[in-house]
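**Q** what follows is a predicted protein model with its sequence.
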Amino acid sequence: MYDLIIIGGGPAGLTAGMYAARSKLNVVMLEKMMPGGNVSITAEVENYPGIPNIGGPDLVMQMEKQARDFGLEIRSEEVLSIEVGAGTNGHSIKSDTNEYKTKSVLIASGSSPRRIGCQGEDEHIGRGVSYCATCDGAFFREKHIAVVGGGDSAVEEGLYLTKFAKRVTIIHRRDRLRADKIIQEKAIKHPKIDFIWDSVIEGIEGTPVVNNIKIKNLKSSEVTDFKVDGVFVFVGYIPGTDYVPGIVNKDEGGYIITDLEMRTNIPGIFAAGDIIAKKQRQIVTACGDAATAIKTIEHYNEWYYEDEQYL
Ligand SMILES: Cc1cc2nc3c(=O)[nH]c(=O)nc-3n(C[C@H](O)[C@H](O)[C@H](O)COP(=O)(O)OP(=O)(O)OC[C@H]3O[C@@H](n4cnc5c(N)ncnc54)[C@H](O)[C@@H]3O)c2cc1C
């Protein structure tokens, strides 16, 4: 029986892994892809305290190394289900290759990009439609790109895409951006960036690659053709909770509800990072949640499994 199984190897999982391994818990992390999570697809991080500017992949590589140096074991497995155990039997976790028993589980499986849901989107993924500027921006040298969204990610990634594209058009459903003021100012002043307000994409066209989008103005309902070579979508995220049992409380968006100590409503199941219901989804908050969770988990394991009065 493990003391702790961590699901997900983004900043939350890696921080939790580092704290848990350093505290000598019998811990394993299960990550379905490469460790790093969304930070590995972030070009530049400028707001991680103490490091004024670093590439996302470099930052998470350092986090992974630090956790491994303390003895964290990371396995490349996708978690498919969690079965809630009774009494001191522990919880069961099934991955695509193994089954585990553990006293505690930390759910740190983050979130994945939300799609627009318009016609032609799915068929053009990898053929001009992308959700990751760092991964795909370089394919659009001297091209015209449409960026969908008005929040921090859309504007930051739109700015990043100007390194490659000859023109970036930000399409937003409202008449003003939601992004931080400082980034907004950079985008508005940028000579390669223009905006289409109050509008949504209704269709993405081109065979085999994107060459046209249909844009609907939400005020006039007019639909117009707009020639572009690519569409980058940044309209939010969907929490990765498919495998999480229904009895774990979630909010209306599907994010897991925890208390301030990262406990869910199920004893022995904890959550941290972007997967939890909260306002600020950032690297530092993910790391902070994870550090808090490990302290809570240590107390829980001692109290629930070792306290003689309880047993
Ligand atoms: C484009 C972009 C730019 C950003 N820029 C910044 C920035 O500049 N500064 C900042 O502070 N934040 C930034 N963020 C936000 C930041 O990346 C997130 O807040 C942070 O990554 C959250 O960490 P996490 O560990 O909770 O989740 P994630 O990073 O989402 O990691 C979750 C991990 O869980 C794994 N996983 C999911 N399901 C399973 C499963 N069933 N089994 C096993 N593994 C699973 C995933 O593969 C993933 O590796 C940015 C995000 C994006 C997308």
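**A** Everything's here; your move.
**Q** stretch 260-277: end-to-end distance?
**A** End-to-end distance for stretch 260-277: 11 Å, by CA to CA, to the nearest Å.
**Q** can it be found next to the ligand?
**A** Yes: judged by CB under 6 Å from any ligand atom, stretch 260-277 comes into contact with the ligand at 273-275. Where you see a C-beta, it was placed from the backbone N, CA and C, and this is true even at glycine.
**Q** near the ligand, which residues of this structure are found?
**A** Counting by CB under 6 Å from any ligand atom, the residues of the chain that sit close to the ligand are 7-13, 30-33, 37-39, 41-42, 45, 47, 78-79, 108-111, 153, 157, 240, 243, 273-275, 281-284, 286.
**Q** and the buried ones among those residues, selectable in PyMOL?
**A** Of the residues of the chain next to the ligand, the buried ones go into a single PyMOL selection, burial set by 16 or more other CB atoms under 10 Å:
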select buried, resi 7+8+9+10+11+12+13+30+31+32+37+38+39+41+42+45+79+108+109+110+111+153+157+240+243+273+274+275+281+282+283+286
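**Q** so which of the residues of the chain next to the ligand sit within strands?
**A** Those of those mapping onto strands are 7, 30-31, 45, 79, 111, per DSSP state E.
**Q** make TSV from those residues and add pLDDT to it.
**A** Below are those laid out as TSV (pLDDT from 0 to 100):
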residue	pLDDT
Ile7	98
Leu30	98
Glu31	98
Val45	85
Val79	98
Ser111	92
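**Q** mind putting those residues into JSON lines with distance to Ala291?
**A** Converted to JSON lines, those look like this (distance: CB to CB, whole Å):
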{"residue": "Ile7", "distance to Ala291": "17"}
{"residue": "Leu30", "distance to Ala291": "20"}
{"residue": "Glu31", "distance to Ala291": "19"}
{"residue": "Val45", "distance to Ala291": "18"}
{"residue": "Val79", "distance to Ala291": "22"}
{"residue": "Ser111", "distance to Ala291": "20"}
